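Trainee: Build me a model from this:
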Amino acid sequence: MSVYRVARRYAEAVSELAEEQKQSERVAADLELIRKTLMGSRELVTFLKSPVISKEKKQTVIGDLFRSKVSGFTFSFLALLLDKGREDVLRAIVDEFFKLRDDRLGIITLDVRAATELTGDQQGNIVKRFETMTGKTIRVSFSVDKELKGGIVARVGDTVFDGSIQRQLELLRERFAEGNGRN
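Mentor: Numbering: from 1, shown residues only. As a prediction, the model looks like this:
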């Protein structure tokens, strides 16, 4: 079974069970802590993925790291993953959990790259436009990309909205090449 399918199944299970037990917010906070810990330690990720390291050693390390920092529910979930030998997909499970949570809450992530720093008004207009277009709440991150000649490039999931000057010039060039560049 693919890593994605395994991660998705575990994420769905923990999400549904947390919802049933009215612990969604606490579990989300716990999993955010786990995500940050994994992102901050390549050694921990390598340790968890290693087939050479015993299950008992992994359980000890996970216990030392998280037992006092996460809820009993979340720690039991971690223990289950270790017991089933699925600790190597922990990061993917956490990522899938947050995708499912965002879907349930109607939140999408928008990444905007601009040629220059955008003003507050410009940022607000971009967010409003995408909220209107998608009908969802937007979680946005803005960054400056010196490679862009002008304009912005926005990404929502797998969809890219390229409003850069370079892309507009490419489209204009294509229209002229096809003979459709006339008014």
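Trainee: Going by C-alpha atoms from here, please, whenever you check contacts or count neighbours.
Mentor: Fine.
Trainee: List the buried residues in the helix or strand of the chain with the lowest mean pLDDT.
Mentor: None of the helices or strands of the chain scores lower by mean pLDDT, DSSP states H and E than helix 165-178, at a mean of 85. Of the residues in helix 165-178, those buried by neighbour count under the rule 16 or more other CA atoms under 10 Å are 165, 167.
Trainee: So which elements touch that helix?
Mentor: Taking 3 or more CA pairs under 8 Å, 6 or more residues apart in numbering; DSSP states H and E as contact, there are no helices or strands that helix 165-178 lies on.
Trainee: Give me the domain ranges for the chain.
Mentor: With domains defined by automatic domain parsing, the chain comprises 3-103, 106-178.
Trainee: and these, which one is worst for confidence?
Mentor: With a mean of 90, domain 106-178 has the lowest mean pLDDT of those.
Trainee: From one end of it to the other, what's the distance?
Mentor: 41 Å (CA to CA, to the nearest Å).
Trainee: burial measure for residue 108, as a count.
Mentor: 20 (other CA atoms under 10 Å).
Trainee: element containing it?
Mentor: Element membership for residue 108 (DSSP states H and E) is strand 107-114.
Trainee: Residues contacting that strand, please?
Mentor: Residues outside strand 107-114 that contact it (CA atoms under 8 Å, 6 or more residues apart in numbering) are 102, 136-145, 148, 150-157.
Trainee: starting at the chain centroid, how far to that strand?
Mentor: Chain-centre distance of strand 107-114: 11 Å, with CA atoms, centre = their mean, to the nearest Å.
Trainee: From the contacts of strand 107-114, list the buried ones, please.
Mentor: Buried, going by 16+ other CA under 10 Å: 137, 138, 140, 145, 148, 150, 151, 152, 153, 154, 156, out of those.
Trainee: could I get those as TSV with distance to residue 94 and secondary structure?
Mentor: Output for these, formatted as TSV (distance: CA to CA, whole Å; DSSP: H, G, I helix; E, B strand; the rest coil):
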residue	distance to residue 94	secondary structure
137	21	strand
138	20	strand
140	20	strand
145	29	coil
148	33	coil
150	36	coil
151	34	strand
152	30	strand
153	28	strand
154	25	strand
156	20	strand
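Trainee: From the residues you listed, pick the one nearest residue 8.
Mentor: residue 156 (20.2 Å; CA to CA).
Trainee: Please name the bridge partners of the closest residue in space to that closest one that isn't next to it in sequence.
Mentor: Leaving aside its sequence neighbours, residue 156 sits nearest to residue 110 (CA to CA, 6 or more residues apart in numbering; 4.9 Å). Legend: beta-bridge partners of residue 110 under DSSP bridges are residue 140, residue 156.
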